[in-house]
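A.B. asks: show me how the following folds:
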Amino acid sequence: MALSPKMEFRQSQSLVMTPQLMQAIKLLQLSNMELVAYVEAELERNPLLERIAENDSGPEAQPDGGEPRGDEMPPEREAPAASDWMERDMEPSRAAMETRLDTDLGNVFPDDVPAERGSPGGGSTGSSPSTGEWGGGERGEDYNPEAFLTAEATLADHLEAQLSVAVSDPARRLIGVNIIGLIDETGYFTGDLDQLAEQMGVARTEVEAVLKLIQTFEPSGVGARNLAECLAIQLRERDRFDPAMQALVANLELLARHDRNALKRICGVDGEDLADMIGEIRRLDPKPGLAFGSGVVHPLVPDVYVRPGADGTWIVELNSETLPRVLVNQSYHATVVKHARSQEEKSFLADCLQSASWLTRSLDQRARTILKVASEIVRQQDAFLLHGVRYLRPLNLRTVADAIGMHESTVSRVTSNKYISTPRGVVEMKFFFSSAISASGGGEAHSAEAVRHRIKTLIEAESPEDVLSDDTLVQKLKEVGIDIARRTVAKYREGMNIPSSVQRRREKMALRSEAS
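C.D. replies: You can find the predicted model right below:
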């Protein structure tokens, strides 16, 4: 068979992941805080994007939740008339210039700021009231005392401050700084002494000596390598680390199992002394480092609000505070494109315009998709909103996707890192999706989350004389129409950090004896 070249036409279809499509997919799965950070970065990068002020009424009147279209422009944002430029630019007021430039004047003319602050004419006069901004005289209107407040001290800062006072030798201080760097936010030393000694070229005994010194710092118990050492440090400072307490700290696993008979035998004390020792252990701090700030704690902000309507239906609305409000500055684009000198500049402006327009449309589509998915979830989980978690229905992504005409992957991205504020509290969208547990007698299936709630409720209601085993829980669940295996009950119980029936019986009997 001879081989010869030839030409032929073929027509085929394929999905191409363009940058715009990848951006739209990325926006779907971002949380509200990640979305704000992403839009802020775009505002810095793209000169044609503009943030909508809070007092602008144009976008708020739109029915789509406040997301503006790329081709809309508020009247007050139009380019000013050319005849006004002289009066505007020649204003001597510093506040007016900073407002127009949208930045502090020192960022634009750093060399001229001292003269300008002294007097509008450029000369520095001691009688000018504005000199108070530099340290003398009266405080200006922009004086903000909060700018001089110190940031919250971290655990590392607190330890390094104590190290600088306790250690004068530079070599030992360097070892201490490296040790502090390996102490986590809970106050525990997470490094390896041998590796640290080899890295710094010193003996292990030297590193261990510095660690022992840091363990004497505040907060008490910091620098420990495990829980037993943390408790021992605190007990030594209280002068309570006697042989009986040493034996108790060395057998914390027996204390966790509430095996008091074994503890009394090992520690050589009676029941009353053991109860006092356990009470003292419980008053210690197992995580001393958490008393110091380790970062900014952000509150949980819901993306969607659900509230009952007057007609008995549910009102689902987006949280407008989590939606970035941006638009495309068409007037600025029309102005600068006329003065573009090269093809490269024109291409840059065209890319910026396309990127800005696509971002505004993507934000609008994201908001509409979240609202559509949330509305279907509310429709499916109406019983949960009315009666609580026991009535949570089993739900999967395909059911919601088929109902709203979207793909499962889209629904999965929308429900990631999104929260709904309901009459039952603020919950993650993923909470509403759980596997189904079959019902005995062919009834309606139960949600796995609802079954977990029933197991937890039954265990919380048990008495010390009648602690429910996993087999007993299976029987009680079957009585209410839930057909579940014993291993599934054990898995759910362990997932909720609920101990076994033997451990629960010991805990309840110990609490009863302490109370008596």
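
A.B. asks: excluding sequence neighbours, find me the nearest residue to Glu237.
C.D. replies: Ser220 (5.4 Å; CB to CB, 6 or more residues apart in numbering). From N, CA and C alone the C-beta is placed, and that goes for glycine too.

A.B. asks: what does stretch 6-26 contact?
C.D. replies: For stretch 6-26, the surrounding residues in contact (CB atoms under 8 Å, 6 or more residues apart in numbering) are Trp358, Leu359, Ser362, Gln365, Arg366, Arg413.

A.B. asks: sort out which residues of that stretch are buried, please.
C.D. replies: Neighbour-count burial for stretch 6-26, counted by 16 or more other CB atoms under 10 Å, picks out Gln23, Ala24.

A.B. asks: what pLDDT is listed against the residue nearest to Glu237?
C.D. replies: On the pLDDT scale, Ser220 is placed at 91.

A.B. asks: what does the one 10 residues further on give?
C.D. replies: You'll see Cys230 listed with a pLDDT of 93.

A.B. asks: list the contacts of it.
C.D. replies: Here Cys230 is in contact with Gly187, Tyr188, Gly221, Ala224, Leu284, Pro286, Pro288 (CB under 8 Å, 6+ apart).

A.B. asks: which among the contacts of stretch 6-26 end up buried?
C.D. replies: Trp358, Leu359, Ser362, Arg366, Arg413.

A.B. asks: around Val39, how many other residues sit close by?
C.D. replies: 20 (other CB atoms under 10 Å).

A.B. asks: please read the previous query as pertaining to Tyr492.
C.D. replies: 22.

A.B. asks: what of Val337?
C.D. replies: Val337 has 13 nearby residues by other CB under 10 Å.

A.B. asks: so where does it fall, helix or strand?
C.D. replies: helix 330-338 (DSSP states H and E).

A.B. asks: which other helices and strands contact that helix?
C.D. replies: helix 343-380 (3 or more CB pairs under 8 Å, 6 or more residues apart in numbering; DSSP states H and E).

A.B. asks: what about stretch 421-435, distance to the chain center?
C.D. replies: How far stretch 421-435 lies from its chain's middle: 17 Å, per CA atoms, centre = their mean, to the nearest Å.

A.B. asks: give me the buried positions along that stretch.
C.D. replies: Ser421, Thr422, Arg424, Met429, Phe431, Phe432, Phe433, Ser434.

A.B. asks: and the end-to-end length of that stretch?
C.D. replies: Its start and end residues considered, stretch 421-435 measures 23 Å (CA to CA, to the nearest Å).

A.B. asks: for that stretch, which outside residues touch it?
C.D. replies: Contacts of stretch 421-435 (CB under 8 Å, 6+ apart): 300, 302, 304-308, 319, 373-374, 377, 380-381, 384-385, 388-389, 392, 394-397, 414-420, 447-450.

A.B. asks: likewise stretch 369-389?
C.D. replies: 28, 65, 303-304, 306, 314, 316-318, 391-393, 395, 399-400, 403-404, 406, 410-411, 414-415, 418, 420, 422-424, 429, 432, 449-450, 453.

A.B. asks: so Leu159 is in which element?
C.D. replies: helix 155-166.

A.B. asks: what's the first helix or strand after that helix?
C.D. replies: helix 170-181.

A.B. asks: packing partners of that next one?
C.D. replies: Helix 170-181 packs on helix 155-166, helix 193-200, helix 204-214, going by 3+ CB pairs under 8 Å, 6+ apart.

A.B. asks: and it with helix 204-214, angle?
C.D. replies: 70 degrees (axes from the mean of the first three to the mean of the last three CA atoms, to 10 degrees).

A.B. asks: which positions in helix 170-181 come out as buried?
C.D. replies: Buried, per 16+ other CB under 10 Å, within helix 170-181: Arg172, Arg173, Ile175, Gly176, Val177, Ile179, Ile180.

A.B. asks: now the closest residue to the second one other than its chain neighbours: how far from Val177?
C.D. replies: With sequence-adjacent residues excluded and distances taken as CB to CB, 6+ apart, Arg173 is closest to Val167, at 4.7 Å. Noted for Val167: a distance of 10 Å to Val177, by CB to CB, to the nearest Å.

A.B. asks: pLDDT score assigned to the residue lying closest to Ser463 once chain neighbours are set aside?
C.D. replies: Excluding the flanking residues, the one nearest Ser463 by CB to CB, 6+ apart is Lys508, at 7.8 Å. We have a pLDDT of 79 for Lys508.

A.B. asks: count the residues that sit near Arg238.
C.D. replies: 12.

A.B. asks: same question, Gly268
C.D. replies: 11.
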